[in-house]
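In: how would this look folded up:
(one chain, ligands or ions: 1)
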Amino acid sequence: MLKEKRILLGVTGSIAAYKAVDLTRELTKRGAEVQVVMTEAATRFVAPLSFETLSRQPVLLDMFSLAYGSQIGHIAATAHADLFVIAPATAHTIAKLAHGLANDFITNIYLASRCPILLAPAMDSDMYQHAVVQENLARLRDRGVHIVGPASGELASGLTGPGRLVEPADIVEAIERLLESSRDLVGEVVLVTAGPTREPLDPVRYLSNRSSGKMGYAIAEAAGLRGARVILVSGPTSLPPPRGADLNRVETAQEMHDAVLSELEAATVVIKAAAVADYRPKQVASRKIKKDETVPEVTLESTPDILAEVGKRKGRRILVGFAAETDDLVANARKKLQRKNLDLMVANDLRQPGAGFDSDTNVVKILDARGGVEELPLLSKRVVADRILDRVVQLLKQRNQRAETGNRKLETG
Ligand SMILES: Cc1cc2nc3c(=O)[nH]c(=O)nc-3n(C[C@H](O)[C@H](O)[C@H](O)COP(=O)(O)O)c2cc1C
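Out: I've put the predicted structure just below:
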């Protein structure tokens, strides 16, 4: 599993830093290439030489020395890394990561890296339970950072409670699990739609909805991290483009329809998280409608049904839709799933606090085509994104298994 994997191991200034020596040994024993990065404080607990001997590589320590020949160290270090693990992670480094501070090698690598990130916090239990540490960890979790531990037990301070660094064997196991899931969309092309559409009434006015695009952008980011090529067709949002995604910006439902159908050929998975307008003004005034004219009456007409269209041309693709409802959530979502030939339907209950538009969290139910309903608790949209992709990966595996069985039957038949 770890053979030839390139692992960046960040070590920070905790009393548990000595356990990172064991972790380095375990990782290299399993065939991983380990590059250790230490904070200044970490060197007060363990000498870099211990890590250098076990990893057979110089430790990255001084950000201002050009560690990789003439290249900038933190950029070069991240270029080929499969995973960045920080163990132990101190309260101080966790705070810097949560707020984007970057004054040492580890924090710069965090900002520059595209690989999965795993933190193993270690600190005194009063520190760990402090609200600000909990807030910082939650912030990082919501951004897709994975966290293992801490364990509960006797601490260096003499106190007993949560805060102990988990054992190196548990960190190795978490790394293996993460590496396995982190590349499970390699070779897939995931087409995601996100955000609202705007349906013009005149050159300055439009009909739209409250979608922020956060759910779709979180899915695009998560799919990219799991190795997929991502095409994001996005209505107007104020969000920064997810790293690595091919972004196609559109405004109207018609433009979204055209963009999705033109990208569909390449896609193996389609996830339609956009809140596309169902109706648009039938007439679009070519000049701004003046206030002093009589109150205008607006006649609406239907927009193209993108999801139904994609459902018809689905082929072997996995197709995931979203339904935002205020009434009869599951019944309505199930009808839509069947009518539109979907594999999964993610149903948002708009009446639940923390769910739906413009929120950073969501409360969803995932319906499948076999009649199953998975209810997820209140989670950040980034975590929901991964849970949806876990289901997509399951369906891809089942589809591939069916194809293999079919091929074998053909060969023997
Ligand atoms: C003996 C000793 C043990 C420490 N252990 C921890 C620890 O386990 N966790 C922690 O968050 N901070 C611990 N600290 C405090 C950190 O070393 C300090 O916050 C430092 O600034 C961390 O820097 P860094 O995050 O850049 O490595 C300890 C300090 C001392 C003196």
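In: When you work out contacts or count neighbours from here on, use the C-alpha atoms and nothing else.
Out: Fine.
In: Was I right to think I15 contacts A156?
Out: Yes: the criterion here is C-alpha atoms under 8 Å, and I15 meets it with A156 at 7.4 Å.
In: Same drill for those two, tell me which one is more crowded.
Out: Taking other C-alpha atoms under 10 Å, I15 and A156 do not tie; I15 has more neighbours (21 against 13).
In: secondary structure class for V34?
Out: At V34 the chain is in strand, as set by DSSP: H, G, I helix; E, B strand; the rest coil.
In: what residues are up against it?
Out: Residues near V34 by C-alpha atoms under 8 Å, 6 or more residues apart in numbering: R6, I7, L8, L9, T24, L27, T28, S55, Q57.
In: Can you say which of the residues you listed are buried?
Out: The neighbour count (16 or more other C-alpha atoms under 10 Å) marks R6, I7, L8, L9, T24, L27, T28, S55 as buried among these.
In: show me what contacts S238?
Out: Neighbouring residues of S238 by C-alpha under 8 Å, 6+ apart: S212.
In: any idea which helix or strand carries it?
Out: Secondary structure from DSSP states H and E places S238 outside every helix and strand.
In: do R399 as well
Out: Element membership for R399 (DSSP H and E) is helix 381-412.
In: May I see the buried residues of that helix?
Out: Quick answer for helix 381-412 (16+ other C-alpha under 10 Å): K381, R382, V383, V384, A385, D386, R387, I388, L389, V392, V393, L396.
In: And the furthest pair within those?
Out: K381 and L396 (22.3 Å; C-alpha to C-alpha).
In: Which parts of the stretch 101-250 of the chain are helices?
Out: 105-112, 125-129, 131-142, 168-182, 214-225 (DSSP state H, counting those that start in this stretch).
In: Would you reformat those helices as JSON lines and include mean neighbour count, distance to the ligand and mean pLDDT?
Out: Shown next, in JSON lines, are the helices of the stretch 101-250 of the chain (neighbours: other C-alpha atoms under 10 Å; distance: least, C-alpha to the nearest ligand atom, whole Å; pLDDT from 0 to 100):
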{"stretch": "helix 105-112", "mean neighbour count": "20", "distance to the ligand": "9", "mean pLDDT": "92"}
{"stretch": "helix 125-129", "mean neighbour count": "17", "distance to the ligand": "7", "mean pLDDT": "93"}
{"stretch": "helix 131-142", "mean neighbour count": "17", "distance to the ligand": "10", "mean pLDDT": "93"}
{"stretch": "helix 168-182", "mean neighbour count": "17", "distance to the ligand": "15", "mean pLDDT": "88"}
{"stretch": "helix 214-225", "mean neighbour count": "26", "distance to the ligand": "26", "mean pLDDT": "93"}
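In: With A403 as the reference, name the closest of the ones you listed.
Out: Nearest of those to A403, taken as C-alpha to C-alpha: helix 168-182 at 22.1 Å.
In: residues in contact with A333?
Out: Here A333 is in contact with A323, M345, V346, A347, L367 (criterion: C-alpha under 8 Å, 6+ apart).
In: Which of the residues you listed fall in strands?
Out: Cross-referencing the contacts of A333 against strands under DSSP state E gives A323, M345, V346, A347, L367.
In: Closest to A41 out of those residues?
Out: Closest approach to A41 among the ones in strands among the contacts of A333 (C-alpha to C-alpha): V346, at 46.0 Å.
In: number of nearby residues for the closest one?
Out: Neighbours of V346 (other C-alpha under 10 Å): 28.
In: Take the contacts of V34 and keep only those in helices.
Out: When the contacts of V34 are checked against helices (DSSP state H), the matches are T24, L27, T28, S55.
In: List, out of those residues, those positioned next to the ligand.
Out: Restricting the ones in helices among the contacts of V34 to those touching the ligand (C-alpha under 6 Å from any ligand atom) yields no residues.
In: now the residues you listed in a markdown table, with pLDDT?
Out: What follows is the ones in helices among the contacts of V34, written out as a markdown table (pLDDT from 0 to 100):
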| residue | pLDDT |
| --- | --- |
| T24 | 97 |
| L27 | 96 |
| T28 | 95 |
| S55 | 92 |
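In: Looking at those residues, which is nearest the ligand?
Out: Nearest to the ligand among those is T24, at 17.6 Å by C-alpha to the nearest ligand atom.
In: could you list every residue that touches the closest one?
Out: Residues in contact with T24 (C-alpha under 8 Å, 6+ apart) are L9, V34, F51, L54, S55.
In: how close does the second one get to S181?
Out: Put plainly, it is V34. 20 Å (C-alpha to C-alpha, to the nearest Å).
In: Repeat that for the third one.
Out: The gap separating F51 from S181 is 28 Å, by C-alpha to C-alpha.
In: again with F322
Out: When C-alpha to C-alpha is the yardstick, F322 and S181 sit 24 Å from each other.
In: cool, and G235?
Out: To S181, G235 is 30 Å away according to C-alpha to C-alpha.
In: Just want the phi and psi numbers for whatever residue of the stretch 101-250 of the chain ends up closest to the ligand.
Out: Closest approach of the stretch 101-250 of the chain to the ligand (C-alpha to the nearest ligand atom) occurs at M123, with a separation of 3.5 Å. Dihedral pair for M123: phi -170, psi 170, per degrees, to the nearest 10.
In: Just give the number of residues close to it.
Out: Neighbours of M123 using other C-alpha under 10 Å come to 24.
In: Might you report the residue contacts of the spatially closest residue to it that is not a sequence neighbour?
Out: Excluding the flanking residues, the one nearest M123 by C-alpha to C-alpha, 6 or more residues apart in numbering is G163, at 4.9 Å. When contacts are counted by C-alpha under 8 Å, 6+ apart, G163 touches P121, A122, M123, D124, S125, Y128, P150, A151, S152, G153, L155.
In: Which residues does I271 form beta bridges with?
Out: V192, V320 (DSSP bridges).
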